[in-house]
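[1] quick one: sequence and predicted model below, then my questions.
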Amino acid sequence: QVQLVESGGGLVQAGGSLRLSCAASGRTFSMGAMGWFRQAPGKEREFVAAIRWSSYQRYADSVQGRFTITRDTAKNAVYLQMNSLKPEDTAVYHCVASPGGLSTSSDDYAYWGQGTQVTVSS
């Protein structure tokens, strides 16, 4: 089993920045891919970014160039640096992990954190 705990959410004005952190514990050695999904009220869950080990990354088109995902395998942690935030980025952000490869599908991630709220005011 793998446990994921997110932190770093909050309220920020449009154009501002936030850095989300996700601490993993348990059988973390098996986690090939880690990433982030988000869900806004009344909307479907959507892929944000993912990273395989410390190298390969994928981003949703909506965050490309504004968000950066990094991973510290020694600390079993993954981070999401969010810059130039927009009101449409408002959502609950969930950290995810999978023994498999990079994927943009939520079905491919077996482990999920409880989520952290990000609110961007206009």
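    Yes, it's here.
[2] show me where this protein has strands.
    For the chain, the strands defined by DSSP state E occupy 2-7, 10-13, 18-26, 33-39, 46-52, 56-59, 67-72, 77-82, 91-98, 111-112, 116-121.
[3] for Ala91, what are its contacts?
    38-40, 43, 117-118 (CB atoms under 8 Å, 6 or more residues apart in numbering). (C-beta placed from N, C-alpha, C; glycine too.)
[4] residues touching the nearest residue to Glu6 once chain neighbours are set aside, list them.
    What sits nearest to Glu6 in space, not counting adjacent residues and going by CB to CB, 6 or more residues apart in numbering, is Thr116, at 4.2 Å. Shown in contact with Thr116 (CB under 8 Å, 6+ apart): 6-9, 20, 92-93.
[5] what subset of those is buried?
    6, 8-9, 20, 92-93 (16 or more other CB atoms under 10 Å).
[6] pLDDT value on Trp53, please?
    Here the pLDDT value assigned to Trp53 is 80.
[7] just checking, it touches Ser30?
    No: between Trp53 and Ser30 there is no contact under CB atoms under 8 Å: 12.0 Å.
[8] and the closest residue to Gly16 other than its chain neighbours, how many neighbours?
    Counting by CB to CB, 6+ apart, the nearest residue to Gly16 once its immediate chain neighbours are dropped is Leu85, at 5.4 Å. A count of nearby residues for Leu85, using other CB atoms under 10 Å, gives 22.
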